[in-house]
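Asks: prediction below, plus the sequence it came from.
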Amino acid sequence: MPPDAISPPSASRSGADPLVLGRRIRHARTAHGWTLRQLATAVGSTASQLSLVENGRREPRLSLLTVLADTLGTTVGDLLRPEAPPDRRAELEIALERAQRSTLFSTLRVPPVRPGRRLPMDALESLVALHRELDRRARAAIATPEEARRINTELRLQMQARDNHVPEIEDMAEEIVRSVGYTGGALTHHQVAQMAERLGFTIVHVDDLPHSTRTVTDLENGRIYLPPASIPGGYGLRSLALQAMAHRLFGHQRPANYGDFLRQRQEIAYFTAACLVPRFAALPFLEEKKSAKDLAMDDFRDAFGVTHHSAAQRFTNLATVHLGIPAHFIRAGDDGALYHGY
């Protein structure tokens, strides 16, 4: 390759982010009160070329960068610093530029918004927040079946290592059911309502919940909206209320990914079961039945007023650790396909 064909050195050789570099140059220029045309004249360039540089669409040669630094009263090293942009506005402008250059944005088929100085700061903040939420939802939506299986397997192995028993959640459930006077048998609806009150909630029964949801929790006003009757499929009113309360007890935030979502659901399900069938009430019952060699899930179910599914799953939480009975749980469909198990 002849010498004149070699590309001149540019800012990219030092690993500088073109967008951050461009905003540093713009920040320094506006601090001097110069227009693009005035700076271009001072450094022997053109306004159009500098505009491309400031918007991160062209990487300046180091020779131009040196002249820019000298003219703006800074150094090449300062302009190429890898730290964050010079101010909050520059940071937001860069975020908006990147979002609007993404493949996701191109699928929206909407015109981009130029993040110029005339764009109000609050509008810039709002646009960046919207793009971040779109990106979060897009990433959440691409959770593949393979990824779901991987996370489910990971959680299953973690619970298997603990014999499907979580003492800290057991303790949390026992403390709250004892606080409302529970001593044994089926946890009553009134006791569940009292538990809600202790957490700052009021349970309200309504008949117009959206079809896509089982409950709605109003955190600001402290209300848990439930349907007037249990939902087919084992979602009793007590379970629905306890699940809503569990979010507050565990301090759950919006899940960052599918794995977070599943872990939260696992914690909520365990807490709900531990409240409906508390350890301190269930163990004497199970130990007596074990001694009599008369263990039956039907009896366990009826003693605590839960579904057969819930009784069997709760049994696995206690049997291995407390009864010395290694147990597993499998739920199969009519066609023999396994779709739930421990």
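Replies: Thanks, I have the structure now.
Asks: contacts, neighbours, all on C-alpha from now
Replies: Fine.
Asks: can you give me the buried ones in stretch 198-209?
Replies: Residues of stretch 198-209 classed as buried: 201-203 (neighbour count, 16 or more other Cα atoms under 10 Å).
Asks: report the rounded mean pLDDT for that stretch.
Replies: For stretch 198-209, the mean pLDDT works out to 91.
Asks: so how far is that stretch off the chain centroid?
Replies: 25 Å (Cα atoms, centre = their mean, to the nearest Å).
Asks: please apply the same query to stretch 183-201.
Replies: Per Cα atoms, centre = their mean, the displacement of stretch 183-201 from the mean C-alpha position of its chain is 29 Å.
Asks: same deal with stretch 104-113?
Replies: Centroid separation between stretch 104-113 and its chain, computed with Cα atoms, centre = their mean, is 25 Å.
Asks: gap between the two ends of it?
Replies: End-to-end distance of stretch 104-113 (Cα to Cα, to the nearest Å): 15 Å.
Asks: against Ala256, how distant is Ala148?
Replies: 15 Å.
Asks: ah, wrong one, I meant Leu295
Replies: Per Cα to Cα, Leu295 is found 42 Å from Ala256.
Asks: quick one, which of the two is more surrounded?
Replies: Set Leu295 next to Ala256 and count neighbours by other Cα atoms under 10 Å: Leu295 wins out with 15 against 12.
Asks: pLDDT score for the more buried one?
Replies: Note on Leu295: pLDDT of 93.
Asks: going forward, begin numbering at 55 instead of 1
Replies: Done: numbering now begins at 55, and the last item shifts to Leu349.
Asks: not counting sequence-adjacent ones, nearest residue to it?
Replies: Leaving out its chain neighbours, the residue that sits closest to Leu349 by Cα to Cα, 6 or more residues apart in numbering is Lys343, at 5.1 Å.
Asks: neighbours around that neighbour, how many?
Replies: What Lys343 shows, counting by other Cα under 10 Å, is a neighbour count of 15.
Asks: what's the separation between it and Ala336?
Replies: Lys343 sits 11 Å away from Ala336 when distances are taken as Cα to Cα.
Asks: and Leu73, by the same measure?
Replies: Distance from Leu73 to Ala336, counting by Cα to Cα: 62 Å.
Asks: what's the nearest residue to Glu179 if we skip its chain neighbours?
Replies: Computed as Cα to Cα, 6+ apart, the closest residue to Glu179 that is not its neighbour in sequence is Leu146, at 6.8 Å.
Asks: now the stretch 105-254 of the chain, which segments are flagged as low pLDDT?
Replies: By pLDDT under 70, the weakly predicted segments of the stretch 105-254 of the chain are 136-138, 194-198.
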